[in-house]
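>>> My questions concern the predicted model and sequence given below.
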Amino acid sequence: MSTRIMERNTEQTVLVVGAGPVGLMAAIELSKRGVPVRIIDQNDGPTDAKISKALAIHCRTAEIFEDIGLGDVLTAKSHKVTEMCMFSKGADHRLISIPFAEALAHTHFPYLQTLRQGDTEQILIDALSSLGVQVERKTHLNAIIGQDQGGVDCQIGTNTERYAIVIGADGPRSVVRKDIQVAFEGNRYEEHFFLADVHIDWEISSSTGFLCFFDEFVLFSFPLDGRGNVRIVVNELNRDQDGKGPEQGLVQDSGVTIEEVEHFVHQFKSDAKVSNLTWGSRFNISHRVAEKNRVGRVFLIGDAAHVHSPAGGQGMNTGLQDAHNLAWQIAEFQLRGAKFDIFDTFQVERKYIAEEVVQKTHSLTQAVTIRNSFLKFARNFVIEFAGRFKAVQYGIALQMSELQISYQSTEPENKLIRNPKNLPPVPAGTRARDVKFSDKSSIFSHYQKSNRSFVAILVSENPEKFQDIFTQISERFPHVYVLRIITGNFQLENQQDKLVQDEGEWTNTYGCCEGIVVIRPDNYVGFFSWDLDAASLDEYLS
């Protein structure tokens, strides 16, 4: 088949390959930041709304939806799960309860949200459409032909086109990943799973999800809504394996029956009434991480870069955060003249997180699927004993919420993470914490006013001390939003733009009465200094 050069100008455009939730998020983030974007997908439409697929949306991901103006839409359409529990051999033996509502009370989203993947995609498609960008369906990336310092040449259909950057969000069988010859390292689990979306009439709260350990299987349950619709997942520990099934994914024509679902559910609660099987699938899972998530101007995000056990519901969330992390760096490079090595940050940070998530979910999967009877007893004993303590319950909730994802350990290799020797309570590399000021504004409200750019925060008891730095940074870096915080007893006589009074919440949270804090465009702390060090701040922002 012959190819031809496409005449339209795409050399400043970012091409996103794959229009699942992760690709859609990347396209929205880029478009909102002013970067030209094209998104293509080989399928003829989004995920069927009846097929739940990726379901869990954790607190940190909900914050990203809020950042792009979709927090209220997400909350209105999703279902809130305020508690996760673990049981042993039925509903009468609870090992631990994990209270999201209590552990995450300090956040805007103190719960896990469940929403069918098709509905999540539709929220994102509508948002992207409002920005003037449409998903191009039935459009296939045949190959990445090559790249140089100026762009990437792609064959799409019969056309050869050149793009500034290519983002592969095209799933575990990624064409993009294969074309840039990146190994997908890892293994396939032996365990066999099936899932079913059903209606169950039982006494389990519709705001509670759980897993229950049995000798021969493990039962997971997640509420889809408040009307009794539930996702059931079963791991049959002793089922014979035939070696068949997809490497990573679902089998649509799976043969899952409502009688099969009833068999497992009744062992948890014998009087449960199961009906209305709307979707079922058998699947196998793998744990794999791409050898690298960037080659030149080509990037891998989501399942194209990492796949792992669904334990903890981390998969789609990790991919959406990949998109969030990458988009602001592309915008800094494309629109604000950042050096190309800014992308080293993406490679360092998101590869580290992918490996960490894969390792944690792998360990959790191994613990859940133990076959040895003594080890099963020991596991349950430890969970039940440790589960009595609030610190353990809250710790698990925070881990699941992804609020504790940190890039701190990537320093000093990571140029966008700078910490002082004496680490602060909220160090660089961790998610920024929201605090309110005397004028009712907050860190997050100023972050939104900045158009989600860099926010440089100057802190002192005396506003005269940071006036010169304020003027210098405002002139040198006009895209940086400079916020001044007055601590101590100094009282503001007149309200001024970007000048606020701390009433104690800032000092209690960040521990900083005088110094500089920079929040990056992804709402992570990037720079922290205990001093009003203008030279270090200038160097960092440069």
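Perfect, I can see it now.
>>> Can you name every helix or strand that the longest helix seen in the chain contacts?
Longest helix in the chain by number of residues (criterion: DSSP state H): helix 343-368. Counting contacts by 3 or more C-beta pairs under 8 Å, 6 or more residues apart in numbering; DSSP states H and E, helix 343-368 packs against strand 286-290, strand 294-295, strand 306-307, helix 315-336. Where you see a C-beta, it was placed from the backbone N, CA and C, and this is true even at glycine.
>>> which parts of it are buried?
Going by neighbour count (16 or more other C-beta atoms under 10 Å), the buried part of helix 343-368 is 343-354, 357-358, 360-362, 364-365, 368.
>>> Next SSE downstream of that helix?
helix 373-386 (DSSP states H and E).
>>> following that next one, which helix or strand shows up next?
helix 390-401.
>>> if we can go back for a sec, can you put the helices and strands packed on helix 343-368 in a markdown table and add distance to Phe381?
Formatted as a markdown table, those follow (distance: least, C-beta to C-beta, whole Å):
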| stretch | distance to Phe381 |
| --- | --- |
| strand 286-290 | 27 |
| strand 294-295 | 45 |
| strand 306-307 | 32 |
| helix 315-336 | 30 |
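>>> Just name the most buried of the ones you listed.
Stretch with highest mean neighbour count among these: strand 306-307 (a mean of 27; mean count of other C-beta atoms under 10 Å).
>>> Strand partners (parallel or antiparallel) of it?
As defined by DSSP bridges, the strand partners of strand 306-307 come to strand 286-290 (antiparallel).
>>> so how far is the strand it pairs with off the chain centroid?
Distance, stretch centre to chain centre, for strand 286-290: 17 Å (C-alpha atoms, centre = their mean, to the nearest Å).
>>> so which of the helices and strands packed on helix 343-368 comes closest to Lys465?
Nearest of the helices and strands packed on helix 343-368 to Lys465, taken as C-beta to C-beta: helix 315-336 at 28.5 Å.
>>> In terms of secondary structure, what does the closest one contact?
With contacts taken as 3+ C-beta pairs under 8 Å, 6+ apart, helix 315-336 sits against helix 21-32, strand 56-57, helix 59-67, strand 165-168, strand 306-307, helix 343-368.
>>> related to what we said a few turns ago, report the inter-axis angle for the longest helix of the chain versus helix 315-336.
In terms of direction (axes from the mean of the first three to the mean of the last three C-alpha atoms, to 10 degrees), helix 343-368 departs from helix 315-336 by 180 degrees.
>>> what about helix 343-368, distance to the chain center?
Mean-position distance between helix 343-368 and its chain equals 12 Å (C-alpha atoms, centre = their mean).
>>> Equivalent analysis for stretch 209-218, please.
The answer for stretch 209-218 is 27 Å, by C-alpha atoms, centre = their mean.
>>> coming back round to it: compare the helices and strands packed on helix 315-336 and report which one is nearest to Leu277.
Nearest of the helices and strands packed on helix 315-336 to Leu277, taken as C-beta to C-beta: strand 56-57 at 21.0 Å.
>>> Direction included, what does that closest one pair up with?
Sheet pairing for strand 56-57, assigned by DSSP bridges, gives strand 112-114 (antiparallel).
>>> Would you indicate which residues of the very next helix or strand once past the strand it pairs with are buried?
As assigned by DSSP H and E, the chain's next helix or strand after strand 112-114 is helix 117-130. For helix 117-130, the neighbour count (16+ other C-beta under 10 Å) marks 117-125, 127-128 as buried.
>>> If you compare the directions of the longest helix of the chain and helix 373-386, what angle comes out?
110 degrees.
>>> doesn't Ser438 fall inside a strand?
No - according to DSSP: H, G, I helix; E, B strand; the rest coil, Ser438 belongs to no strand; its state is coil.
>>> which residues touch stretch 353-366?
With contacts defined as C-beta atoms under 8 Å, 6 or more residues apart in numbering, stretch 353-366 is touched by 186, 189, 191, 285, 287-290, 293, 305-306, 308-312, 314, 318, 321, 399, 405, 407.
>>> mean confidence score for that stretch?
Averaging pLDDT along stretch 353-366 gives 89.
>>> Export it to CSV, keeping only CA atoms.
What follows is stretch 353-366, C-alpha atoms only, in CSV (Å, rounded to 0.1, in the frame of the first residue of the first chain):
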residue,chain,number,x,y,z
ILE,A,353,5.6,5.0,40.6
ALA,A,354,4.7,2.3,38.1
GLU,A,355,7.3,-0.1,39.6
GLU,A,356,6.1,0.8,43.1
VAL,A,357,2.4,0.2,42.2
VAL,A,358,3.2,-3.1,40.4
GLN,A,359,5.3,-4.3,43.4
LYS,A,360,2.6,-3.4,46.0
THR,A,361,-0.3,-4.9,44.0
HIS,A,362,1.8,-8.0,43.3
SER,A,363,2.5,-8.4,47.1
LEU,A,364,-1.1,-7.9,47.9
THR,A,365,-2.2,-10.4,45.2
GLN,A,366,0.2,-13.0,46.6
